[in-house]
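*Asks:* Need a 3D model of the sequence below.
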Amino acid sequence: MPRTPRPAGAAGIAAAVLALLAASPATAAAPPLSDARILVHLDLAAGQMPENSTPEPDGSLDVTFLSAHQIARIAPDGGVRILATMPAEEHPNTPLVGFAAATGIARAHDGTLYATYATGTALTGVYRLDCDGTLRRIAQLPPEGLPNGLALDEQAGVLYSADSVLGVVRRIPVDGGEPTVWAGGSPLQPTGFLGANGIKVHRGAVWVSNTDTGALLRIPVRQDGTAGPVGTRADGLAGIDDFTFTDAHEDTVLAALNSADQVVRLAPDGSRSVVLTAEDGLTSPTSVAVHRRTVLVTSAAFAPPPDPNVLTARLHR
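*Replies:* Numbers count the residues shown, from 1 in each chain. Below you'll find the predicted structure:
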């Protein structure tokens, strides 16, 4: 190969850069997610309908099994281990569903798990599962409601519970105590079936999905801990269930659209794209979790095909 003369001055540098770009093959931007596959198929007959999830530091996924009213851990290799079963309720009367249901879940840094349990009876509430396996209720919630998503603000020492029937967000001390209605109003209310559903604490605000209105809402947390005005960050998300953020420092969202069998990516600039579908294995997706560069999506199979599962994919930030 003949030696290339060195270009002189700024014009020469620009010419060299242009020549290098022209010689380099064009590369397409990587998709937000890739390598989607089913990590584990669950047992529908045993009530293993995963409703909500939170990741462990080792990449395992803690989930609630809705109709089995259990808390389980799914290992990175797909192994399933039951961590706890909620107290039995002989005569459940849970609004909308009728059966006793384990719904939201949140994890503290020390491994303590919190979960919501809806029965339509006095057993409805927030439960704490300690690392030694001890399960106890730390707060009672109204039996006429349907506590659904659960989020933890560990720094403030509080939990936030979204009620899909009563259309409110409650705040509960992590050490137990009387829940208080923290936020309410029409943006959180149901319009036919489920209102406030998924919930996350992120960058000074509580984010909530409303399934009926297809909206993703943001509620600022004021310095005194009270709720600021409810704002809509996205709409037109029919059947939105739970969601998560791809990074702790920005507002990019991955949201499960239950009725559409989709996961959508919502960018801070308002743009959106479908990143997972039924062709990838989604069947009534209920929650999305991110661990490093791995995305984990739970599907509860509320509608056919009868295949509750956990899907995994690679995240490209």
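*Asks:* Kindly indicate whether the spatially most central residue of the chain is helix, strand or coil.
*Replies:* The C-alpha lying nearest the average C-alpha coordinate of the chain belongs to F243 (CA atoms, centre = their mean; 3.6 Å). Counting by DSSP: H, G, I helix; E, B strand; the rest coil, the backbone at F243 sits in strand.
*Asks:* does the residue lying closest to it once chain neighbours are set aside count as helix, strand or coil?
*Replies:* The spatially closest residue to F243, leaving aside those adjacent along the chain, is A255, at 3.8 Å (CB to CB, 6 or more residues apart in numbering). All C-beta spots, glycine's among them, are computed from the backbone N, C-alpha and C. The three-state label given to A255 by three-state DSSP is strand.
*Asks:* secondary structure element for L83?
*Replies:* Assigned by DSSP states H and E, L83 falls within strand 80-85.
*Asks:* just checking, what packs against the very next helix or strand once past that strand?
*Replies:* Downstream of strand 80-85, the first helix or strand assigned by DSSP H and E is strand 101-107. If you count contacts as 3 or more CB pairs under 8 Å, 6 or more residues apart in numbering; DSSP states H and E, strand 101-107 packs onto strand 50-55, strand 61-65, strand 70-74, strand 113-118, strand 147-153, strand 158-163.
*Asks:* Out of these, which gets nearest to S271?
*Replies:* Smallest distance to S271 across those (CB to CB): 24.9 Å, for strand 147-153.
*Asks:* Partner strands of the closest one and their direction?
*Replies:* Strand pairing for strand 147-153, using DSSP bridges, gives strand 158-163 (antiparallel).
*Asks:* what does the strand it pairs with contact?
*Replies:* For strand 158-163, the external contacting residues (CB atoms under 8 Å, 6 or more residues apart in numbering) are 104, 106, 114, 116, 126, 141-142, 145-153, 168-174, 179, 182, 188, 195-199, 201, 206, 208, 225.
*Asks:* which of those residues count as buried?
*Replies:* Buried members of the contacts of strand 158-163, counted by 16 or more other CB atoms under 10 Å: 104, 106, 114, 116, 126, 141-142, 145-153, 168-174, 179, 182, 188, 195-199, 201, 206, 208.
*Asks:* Tell me how many other residues crowd the residue nearest to F243.
*Replies:* Neighbours of A255 under the rule other CB atoms under 10 Å: 26.
*Asks:* if I look at it, how far off is G157?
*Replies:* 28 Å (CB to CB, to the nearest Å).
*Asks:* and what of G231?
*Replies:* Counting by CB to CB, the gap from G231 to G157 is 25 Å.
*Asks:* Count the neighbours of the nearest residue to A46 once chain neighbours are set aside for me.
*Replies:* Distance criterion CB to CB, 6+ apart; nearest residue to A46, sequence neighbours excluded, is A68 at 6.1 Å. Neighbourhood size, A68 [other CB under 10 Å]: 21.
*Asks:* Enumerate every residue touching P308.
*Replies:* P308 neighbours (CB under 8 Å, 6+ apart): H41, L42, D43, L44, Q48, M49, P50, T283, T298, S299, A300, A301.
*Asks:* er, H291 actually
*Replies:* Residues near H291 by CB under 8 Å, 6+ apart: P55, E56, G59, L61.
*Asks:* just V168 next, same as before
*Replies:* By CB under 8 Å, 6+ apart, the contact list for V168 reads A162, V181, W182, A183, G184, L188, A196.
*Asks:* hey, what's the fourth one bridged with?
*Replies:* Right, A183. For A183, the residues forming beta bridges with it (DSSP bridges) are V169.
*Asks:* Number the residues from 38 up from this point.
*Replies:* All set: I'll call the first residue 38, so the last point we hit is now A220.
*Asks:* burial measure for it, as a count.
*Replies:* Neighbours around A220, by other CB under 10 Å: 24.
*Asks:* Quick check, it in contact with I256.
*Replies:* Yes. Using CB atoms under 8 Å, A220 is in contact with I256, at 5.3 Å.
*Asks:* Find residues that contact each of those two.
*Replies:* V206, V243, V245, A264, V267.
*Asks:* State the pair within those residues that is farthest apart.
*Replies:* V245 and A264 (10.6 Å).
*Asks:* Pull up the overlap in contacts between those two.
*Replies:* Residues touching both V245 and A264 by CB under 8 Å, 6+ apart: V206, A220, I256.
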